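1. Build the 3D model from these lines:
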Amino acid sequence: MTPLRYRLHLAPDPVAGTFAGDLTLDFAIDAGTEAITLDCLDLDIEAAWVDGAPAAWCLDGDKLVVTPQGLLTATANVRVTYAGRLRAQSQKEAPVAPGFDPFAKAPNRRQRLELKAMLADTPAALRGLAAEIAAIRAEVK
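-> Next comes the predicted model:
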């Protein structure tokens with residue numbers, strides 16, 4: 001499977017210390033696939049859909065396994081709704097959405113940084129992103 005597009009909507013509630021999320025992923029399927037596994041940590045999954053149809057799902061450690069109603073053969077659109085608790089983020093951590101790290105398998109560092117930059121919406125996240133870019137520049141020299 002090859003990720004083609006990510007759409008992420010986060011609705012933080014700073015007063016309650018929680019957030020709600022809605023993640024949609026588009027994939028190109030290389031071969032027949034019976035399930036889609038996503039990185040997942042400390043999230044309360046509410047529902048999952050594949051190509052608009054409700055899909056079964058289960059948590060396997062820090063993985064979310066989404067099982068569509070049938071075999072996937074060409075492309076797939078996966079949507080997951082979830083909730084979680086906000087947590088403090090150190091400047092050394094990557095500025096990504098809590099729970100999911102769809103950037104972990106980005107084809108290259110530049111694409112990973114571009115995707116992270118789209119979600120860097122706080123000063124701490126921007127400082128973390130700047131530190132990561134500086135570290136990469138230091139490696140290149």
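2. Could you use CA atoms for every contact and neighbour count after this?
-> Fine.
3. Contacts only, for Asp44.
-> 82-84 (Cα atoms under 8 Å, 6 or more residues apart in numbering).
4. So which of these is surrounded by the most neighbours?
-> Scoring these on neighbours with other Cα atoms under 10 Å, the highest-scoring entry is Ala83 at 20 neighbours.
5. and the gap between Glu132 and Ala138?
-> Noted for Glu132: a distance of 10 Å to Ala138, by Cα to Cα, to the nearest Å.
6. And Gln69, by the same measure?
-> Distance from Gln69 to Ala138, by Cα to Cα: 48 Å.
7. same question, Ala16
-> Taken as Cα to Cα, the spacing of Ala16 relative to Ala138 amounts to 40 Å.
8. Same question for Gly128.
-> Note on Gly128: its distance to Ala138, by Cα to Cα, is 15 Å.
9. more crowded one of the two?
-> Taking other Cα under 10 Å, Gly128 and Ala138 do not tie; Gly128 has more neighbours (20 against 9).
10. State whether that one is indeed within a helix.
-> Yes - looking at Gly128 with DSSP: H, G, I helix; E, B strand; the rest coil, it is inside a helix.
11. Roughly how far does it sit from His9?
-> Plainly put, Gly128 is 21 Å away from His9 if you go by Cα to Cα.
12. Which of the contacts of Asp44 scores worst on pLDDT?
-> Lowest in pLDDT among these is Gly84, which has 87.
13. wait, doesn't that residue sit right on Thr18?
-> Yes - using Cα atoms under 8 Å, Gly84 is in contact with Thr18, at 5.6 Å.
14. got the contact list for the residue nearest to Phe27 when sequence neighbours are not counted?
-> Spatially, and ignoring its direct neighbours in sequence, Phe27 is nearest to Pro3 (4.4 Å; Cα to Cα, 6 or more residues apart in numbering). When the contact criterion is Cα under 8 Å, 6+ apart, the partners of Pro3 are 25-28.
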